[in-house]
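Student: Quick one, structure for this:
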Amino acid sequence: MKQIQLFLNDKPVDLSDDSPIALTFQINNLGDVQNQQGNTSNQFKIPLTQNNRAILGYADDISYQNPALPVQVPYTQLSAKVIQNGIEILPNAIAEINEIDDDTASITILSGNVDFFDALGGQIADMGDSTSQWSNYGSNLVWKQFDHTWDLANVANSQQHTEKDGWIYPVVDYGLIDLYDFTQPIDARNQRPGFFIKKAIDLLVQSTGYTATGSLLADPLYPLLIAQFSNGSFEHGIDTQNVTNQIAALELGQDLNVSHPTAENPPNGKGNIGWSIINSNWDSQFAIGHGFTASARETVLITVTIPHMYFEGQVAGSASSVDIIIWLITPGEPDIALTQFSFDFSNGYTREGTTKGSGLRGYTNIDHSIISCTTELAIGQNIFIGYEFQGATPASFTLSSGATWTVAAQNETVQFGQMVQCERILPDISQKDFLKDTLQRFGIICQTDVYSKTITFASIKDIVNNIPIANDWTAKCINQGKQVNYQLGSYAQVNSMEYQTDPNILPLKLGWDQLIINDQTLSAVPNDLIVSKFGPSLNRPYYGGTITQIKTIDPTSDTNNFTIGVQPRLLVDQKLDLIALKKSVTFIDGGGSPIVINDVISTPYFYKPDGTYNLCWCDMPGTGTVPLPGLKTKYYSDFQKILQNTKILIRYFLLTPRDIASLNLLIPIYLQQHNAYFYINKIDSWIKGQPTKVELVRLG
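Tutor: Have a look, this model is predicted:
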């Protein structure tokens with residue numbers, strides 16, 4: 001039996017002696033903190049034996065296709081396992097077919113962080129799409145449990161929500177909270193939700209089948225971070241948008257003939273069209289004789305299609321016509337004509353009446369008419385399709401059978417009173433970018449454990465703190481020369497740590513900082529070290545000091561729409577004790593009874609001098625003489641020390657399969673030869689029994 005074994009899709013693979021499997025192990029290259037690394041193999045070849053051909057789905061046969069498989073093997077990732085001397089050194093890996101030649105197939109194996117990050121690929125919004133692979137095609141809609149109604153009660157009562165609740169409607173001024181009179185009520189229709197970053201990342205990790213652990217979870221700032229809604233439009237999740245739009249579809253089963261009597265005895269000349277065929281009727285919102293009654297707050301497109309209309313009437317001082325009208329009826333209020341279309345004689349004909357004294361009469365035939373409008377309906381409002389004669393009488397019309405009336409939901413934009421899908425609170429970025437943005441903020445390095453399916457979020461400080469339990473690799477180091485470098489990656493003397501900029505936030509580089517490396521041999525051209533996907537936020541006066549201001553509503557416009565584009569926003573949740581202030585805050589929605597909160601409201605911030613935390617990369621003024629430390633000071637001080645006096649050591653080691661199987665790259669190694677501790681930056685192309693090149697970064 002061969003010492004090394006490879007299994008693909010749990011089937012043993014025939015290996016070739018002249019194309020060994022070489023494995024590279026890495027979690028994070030300190031020379032490139034913008035990207036997480038993972039374990040990979042070399043591109044090795046396996047012979048195209050009958051066993052291997054079957055495992056690879058006969059990828060060498062251009063014409064072969066297995067009808068039982070929706071996706072053929074060459075286009076999928078195969079589960080992989082590598083065993084060396086009976087020890088599983090890669091127990092839960094994935095393999096990809098790179099190419100096929102005459103008698104071999106080239107394979108690459110990916111594991112560790114690669115496996116985890118490869119499971120994160122789509123946009124965050126894709127996780128609410130039951131047809132997307134990122135929700136396991138609908139079986140893993142991890143965000144759905146947080147769906148909720150955007151209404152007065154939830155806006156007011158969510159003030160004490162924490163990351164365990166997921167969502168919150170903190171008090172944020174989007175442009176319509178009074179700047180001077182804080183006693184003015186807050187309109188819930190002008191507030192938007194935020195979602196706690198920690199819960200969002202928990203959901204991302206959960207979707208991959210992993211569980212998170214590590215020091216990040218114990219950081220007191222981490223559960224307070226909120227991704228606050230700042231998108232240009234408040235959109236529904238993809239599943240909601242993809243719901244069949246047609247709420248009601250009605251049809252005229254036979255010709256409708258309506259006559260308006262003579263002028264000597266005129267009625268009001270109005271009526272409603274009766275629809276006799278119901279083709280669809282979601283939630284039974286249509287009833288014959290009662291029209292369409294909204295069962296939920298929704299924006300709908302109302303369309304009346306008339307294949308043929310015949311109109312005839314008396315031509316007098318004013319031309320006759322009949323209007324087909326879409327009526328909005330609100331109980332207790334006057335009826336409103338949303339839109340209408342007039343059928344008259346403008347494209348018709350006239351003739352003398354057949355009755356003595358009946359005068360000149362007109363008639364017209366009109367084909368293919370469409371009447372439509374979009375409106376927002378409240379619960380209980382009615383829609384009727386009516387007719388009304390105008391001008392001289394007598395008159396009549398015939399509406400041909402086959403006319404239709406449809407009511408279709410416009411599911412893209414969330415209306416007040418509708419359900420919110422929380423994945424649409426976050427900015428429209430990829431899952432990877434969202435996770436990476438948070439990890440960079442806290443200076444986090446990832447390491448996955450494929451045995452326990454856990455991912456550890458640790459920092460450089462954690463690795464330094466692990467020096468007391470460092471592994472002694474002194475005896476494993478062999479004397480095959482050494483190489484020492486004094487530069488790490490592509491850093492420059494000045495390395496920027498940035499946020500996105502909004503033109504209405506001054507200074508434009510608010511919250512930015514620079515990581516300075518005192519090394520004259522590095523490039524003098526500034527380098528972008530970190531560029532966050534989020535932007536900073538300013539404050540404005542309010543109870544307790546300030547609240548966040550995100551100006552997306554133009555107070556000079558006629559609407560409360562979010563018309564001012566801004567960057568995604570990140571805030572620190574802060575609970576304001578109204579009892580201590582002897583204040584209260586009233587929430588309204590323009591209709592129902594106000595809700596008064598007199599205990600706690602959420603007033604998050606990006607930075608303020610009296611805040612507990614500071615999301616700026618740089619230190620900022622505090623309330624006393626001591627600055628409020630920024631993210632660089634809190635999370636990058638150990639990393640900066642490494643860069644200020646960089647020493648990279650490359651040496652060769654003889655590592656056993658057990659060394660590889662038990663490898664923990666978060667634990668430093670000690671080398672007596674150098675009397676120093678090192679971070680393992682990379683184990684390059686390990687093959688059992690052969691010297692392996694290892695790249696080490698000195699700590700301390």
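
Student: following whichever helix or strand Asn681 is part of, which helix or strand comes up?
Tutor: For Asn681, the element it lies in under DSSP states H and E is strand 676-686. Past strand 676-686, further along toward the C-terminus, the next helix or strand under DSSP H and E is strand 692-698.

Student: residues in contact with that following strand?
Tutor: 30, 488, 642, 646-655, 669, 671, 674, 676-686 (Cβ atoms under 8 Å, 6 or more residues apart in numbering). (Each C-beta comes from the backbone N, C-alpha and C, glycine too.)

Student: In contact with the residue nearest the centre of the chain, which residues?
Tutor: Geometric centre of the chain, nearest residue: Ile124, 3.2 Å, by Cα atoms, centre = their mean. By Cβ under 8 Å, 6+ apart, the contact list for Ile124 reads 200, 423, 426-431, 434.

Student: ok, now with 10 Å
Tutor: Applying Cβ atoms under 10 Å, 6 or more residues apart in numbering to Ile124 gives the contacts 134, 143, 200, 203-204, 227, 422-435.

Student: Which residue is the nearest non-sequential neighbour of Asn495?
Tutor: Excluding the flanking residues, the one nearest Asn495 by Cβ to Cβ, 6 or more residues apart in numbering is Leu529, at 3.8 Å.

Student: quick one: the residue nearest to Asp239 when sequence neighbours are not counted and Ile247, what's the gap?
Tutor: Closest residue to Asp239 apart from its sequence neighbours, by Cβ to Cβ, 6+ apart: Ser130 at 5.4 Å. With the distance defined as Cβ to Cβ, to the nearest Å, Ser130 ends up 20 Å from Ile247.

Student: Between the two, which is the more surrounded one?
Tutor: Ile247 (23 against 16; other Cβ atoms under 10 Å).

Student: Check which residues of the helix or strand harbouring that one are buried.
Tutor: When elements are assigned from DSSP H and E, Ile247 belongs to strand 246-251. If you call a residue buried by 16 or more other Cβ atoms under 10 Å, then strand 246-251 has these buried ones: 247-251.

Student: Would you mind identifying the next helix or strand past it?
Tutor: Next helix or strand after strand 246-251 toward the C-terminus (DSSP H and E): strand 256-260.

Student: Show me what whatever helix or strand comes next after that next one is packed against.
Tutor: Using DSSP H and E, the next helix or strand after strand 256-260 towards the C-terminus is strand 270-272. Secondary structure elements in contact with strand 270-272, counted by 3 or more Cβ pairs under 10 Å, 6 or more residues apart in numbering; DSSP states H and E, are strand 256-260, strand 321-329, strand 382-390.

Student: quick one: Thr104 and Ser16 touch, right?
Tutor: Yes: under the criterion of Cβ atoms under 10 Å, Thr104 makes contact with Ser16 at 7.3 Å.

Student: intersection of neighbour lists for those two?
Tutor: Both Thr104 and Ser16 are in contact with 44-47, 52, where contact means Cβ under 10 Å, 6+ apart.

Student: now, which of these lie within strands?
Tutor: 44-47 (DSSP state E).

Student: Out of those residues, give me the one that has the most neighbours.
Tutor: For those, neighbours tallied by other Cβ under 10 Å; top is Ile46, 22 neighbours.

Student: residues in contact with that one?
Tutor: Counting by Cβ under 10 Å, 6+ apart, Ile46 has contacts 6, 8, 13-16, 19, 21, 52, 55-56, 97, 104-107.

Student: Just give the number of residues close to Pro621.
Tutor: By other Cβ under 10 Å, the residues close to Pro621 number 12.

Student: Ok, the one 5 residues further on next?
Tutor: Using other Cβ under 10 Å, Val626 has 9 other residues around it.

Student: do the same with the one 3 residues further on
Tutor: When counting by other Cβ under 10 Å, one arrives at 17 neighbours for Pro629.

Student: Which residues are in contact with the residue lying closest to it once chain neighbours are set aside?
Tutor: Nearest non-adjacent residue to Pro629, counting by Cβ to Cβ, 6+ apart: Asp619, 5.5 Å away. By Cβ under 10 Å, 6+ apart, the contact list for Asp619 reads 513, 626-634.

Student: again, only using 7 Å
Tutor: 627-630, 633 (Cβ atoms under 7 Å, 6 or more residues apart in numbering).

Student: Farthest pair within those residues?
Tutor: Across the contacts of Asp619, the longest distance by Cβ to Cβ is 9.5 Å; it joins Leu628 and Thr633.

Student: what separates the residue nearest to Ile516 when sequence neighbours are not counted from Gln241, distance-wise?
Tutor: The spatial neighbour of Ile516 that comes closest, neighbours along the chain excluded (Cβ to Cβ, 6+ apart), is Val494 at 6.2 Å. The gap separating Val494 from Gln241 is 45 Å, by Cβ to Cβ.

Student: Could you do Ser637 as well?
Tutor: Per Cβ to Cβ, Ser637 is found 46 Å from Gln241.

Student: between those two, which one's more packed in?
Tutor: Neighbour count, other Cβ under 10 Å: between Ser637 and Gln241, Gln241 has more, with 18 against 13.

Student: Sticking with the more buried one, tell me its helix or strand.
Tutor: Element membership for Gln241, per DSSP H and E: helix 238-242.

Student: which parts of that helix are buried?
Tutor: Buried positions in helix 238-242, judged by neighbour count with 16+ other Cβ under 10 Å: 238-241.

Student: Which one of these is nearest to Ile547?
Tutor: If you rank the buried residues of helix 238-242 by distance to Ile547 using Cβ to Cβ, Thr240 comes first, at 30.6 Å.

Student: Distance check, that closest one against Ala200.
Tutor: For Thr240 relative to Ala200 (Cβ to Cβ), the value is 19 Å.

Student: How about Pro261?
Tutor: From Pro261 over to Ala200 (counting by Cβ to Cβ), the distance is 67 Å.

Student: Neighbour count for these two, which is higher?
Tutor: Between Pro261 and Ala200, counted using other Cβ under 10 Å, Ala200 has the larger neighbour count: 27 against 14.

Student: The one helix or strand that one maps to - what's its average pLDDT?
Tutor: Ala200 belongs to helix 197-208 when assigned by DSSP H and E. Mean per-residue pLDDT for helix 197-208: 95.

Student: Identify all contacting residues around it.
Tutor: 116, 119-120, 127, 140, 142-143, 163, 166, 211-212, 222-223, 225-227, 426, 431, 435, 438, 455.

Student: And for stretch 585-603?
Tutor: By Cβ under 7 Å, 6+ apart, the residues outside stretch 585-603 that reach it are 152-153, 155-156, 159-160, 168, 170-171, 185-189, 416, 542, 544, 547, 573-579, 584.

Student: Which of those residues are buried? Put it as a PyMOL command.
Tutor: With 16+ other Cβ under 10 Å as the criterion, this PyMOL line picks the buried residues out of the contacts of stretch 585-603:
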select buried, resi 152+155+156+159+168+170+171+185+186+187+188+189+416+542+544+547+573+574+575+576+578
